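In: Predicted model follows, preceded by the sequence.
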Amino acid sequence: MTDATAVGAVNALTGRWARAAVSGAESTVLTGAGAWPLLALLAGAAGGPARGELEDALGVGAGGAAGATALGREAVEAMAAMDGVAAATGLWTRHDLPVRPEWEAELPRGVRGVLSGDTERDGKELDAWASRCTDGAIDRMPVPLTPVTQLVLAGALTVRTAWQQPFQPGFLRPGHGPWRDRSLAGLTRKTGDLDGVLRVVPDTPAGPLTLSGVAGGNGIDVHLVLGAEDVPGGRVLEAGIGAVAGEYSGRGGSALAWGEAGPGVTVMEAVSWDATPSLVLTTPQFTVTARHDLLRHAELFGLRTAQDTSRGHFPGISPSPLALSSGQQSMTASFSAEGFWAAAVTAFAMAPGSAPPQRKARLVKVVYDRPFGFLAVHRATGLVLTAGWVTEPEAAQGVFRK
């Protein structure tokens, strides 16, 4: 899972999903890294056209049923081994559904449960699993249960990091744009690492981008991504994923020209105690929650044929015909002065088929004072763990928003 091909495939799925699902009109967050392993596990058990569609969505050669299942298992195990990341899977099957032991044996370690057909009792069990695996952040399994639900395959993913350099809480009051004159819970910090924090990418498919990397102490970074004001959020996020991977050339803060050097970036001369260049990063604090219906983008996930109830599509799971009835993801993410926290549950359900200044110095100011994106990235592998868009930052405490 941690090889470049697999990481690239997961990130590509995240980028395509972001472009399709993020309109920019409202805040949202998603994780392709949470969905991709489950798609691989399903691909390993699929047959006919459904198998081909799932393998195309994965973006890597599955190498037969065992190969696809192994990809999903390795993805979960690799993420679970990352510092600050917890990944888990759960499988619940109807009490009278025969499950092929060879497929079940190849799944990642996790809960194996039985669906009794009592939707209230089963629902409580699945909700408890979702809550337990996300420290209470997601308290309900996202897929609905019905008396005929045959199988639920779910994955939980949490990401947590504390900043190497915390922010200073304060106030942010934008003077223009959609947040104009609102009193927001602002976060600010100053650093001398102009090139390690800031990268302006002038030419991407979404136009110019500004990326600010906020380093976590456990190897997870969160990149704040700002594009031009008229570019849809989905395009900004997709291009931001490519920029983080180094697909587009950019410039660090020390190489930027004076004036407005990129979206949200101003380079100026300021009075200082010494001539050391510095960068001041300001962003609002935010918490984002979202729920996604993966079947709304069935083509993207390779799930179009798998929904056809006139036949079965997963002979590797059971000799009984199975068709996909639901695919959902619930997620939340928070960015604060101390760190970043995100949690997601992705699930698929199946039904039967059928001081006075002294000198002047270079100062780079970076301000995120209008809607922007964020990417939580595992530093060592480049795997994008979460992607999101912020349109509703948190208000300053005790101050009414206009």
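Out: In hand now; what should we look at?
In: what's the first-to-last distance across stretch 367-374?
Out: Stretch 367-374 has an end-to-end distance of 14 Å (criterion: Cα to Cα, to the nearest Å).
In: An error on my part: the question was meant for stretch 166-175.
Out: 25 Å.
In: which parts of that stretch are buried?
Out: By 16 or more other Cβ atoms under 10 Å, the buried positions in stretch 166-175 come out as 167, 172, 174. C-beta coordinates here come from the backbone N, C-alpha and C atoms, glycine included.
In: looking at it, the second one is touching residue 281, isn't it?
Out: What that stands for is residue 172. No. Between residue 172 and residue 281 there is no contact under Cβ atoms under 8 Å: 11.6 Å.
In: Can you pull the poorly scored residue ranges out of the stretch 301-402 of the chain?
Out: 354-359, 398-402 (pLDDT under 70).
In: no wait, the stretch 151-300 of the chain
Out: 272.
In: got the residue ranges for the strands in it?
Out: Ranges of strands within the stretch 151-300 of the chain are 151-162, 168-172, 184-191, 198-201, 209-215, 220-226, 251-252, 259-262, 265-272, 278-284, 286-293, based on DSSP state E, counting those that start in this stretch.
In: In a markdown table: the ones you listed, plus distance to residue 394.
Out: What follows is these, written out as a markdown table (distance: least, Cβ to Cβ, whole Å):
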| stretch | distance to residue 394 |
| --- | --- |
| strand 151-162 | 19 |
| strand 168-172 | 10 |
| strand 184-191 | 4 |
| strand 198-201 | 24 |
| strand 209-215 | 17 |
| strand 220-226 | 15 |
| strand 251-252 | 30 |
| strand 259-262 | 25 |
| strand 265-272 | 23 |
| strand 278-284 | 6 |
| strand 286-293 | 6 |
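In: Quick one: closest of the ones you listed to residue 309.
Out: strand 151-162 (14.0 Å; Cβ to Cβ).
In: so can I have CSV of the buried residues of stretch 166-175 showing distance to residue 36?
Out: Formatted as CSV, the buried residues of stretch 166-175 follow (distance: Cβ to Cβ, whole Å):
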residue, distance to residue 36
167, 31
172, 35
174, 36
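In: of all these, which comes closest to residue 121?
Out: residue 167 (45.2 Å).
In: Please list all residues in contact with the residue lying closest to the closest one once chain neighbours are set aside.
Out: Closest residue to residue 167 apart from its sequence neighbours, by Cβ to Cβ, 6 or more residues apart in numbering: residue 187 at 3.8 Å. Residue 187 makes contacts with 167, 168, 169, 170, 172, 282, 283, 284, 285, 335, 336, 337, as judged by Cβ atoms under 8 Å, 6 or more residues apart in numbering.
In: Show me what residue 187 is bridged to.
Out: residue 169, residue 283 (DSSP bridges).
In: and of the buried residues of stretch 166-175, the nearest to residue 156?
Out: Looking across the buried residues of stretch 166-175 and measuring by Cβ to Cβ, the closest to residue 156 is residue 167, at 28.3 Å.
In: Would you agree the closest one is in contact with residue 185?
Out: No. Between residue 167 and residue 185 there is no contact under Cβ under 8 Å: 10.5 Å.
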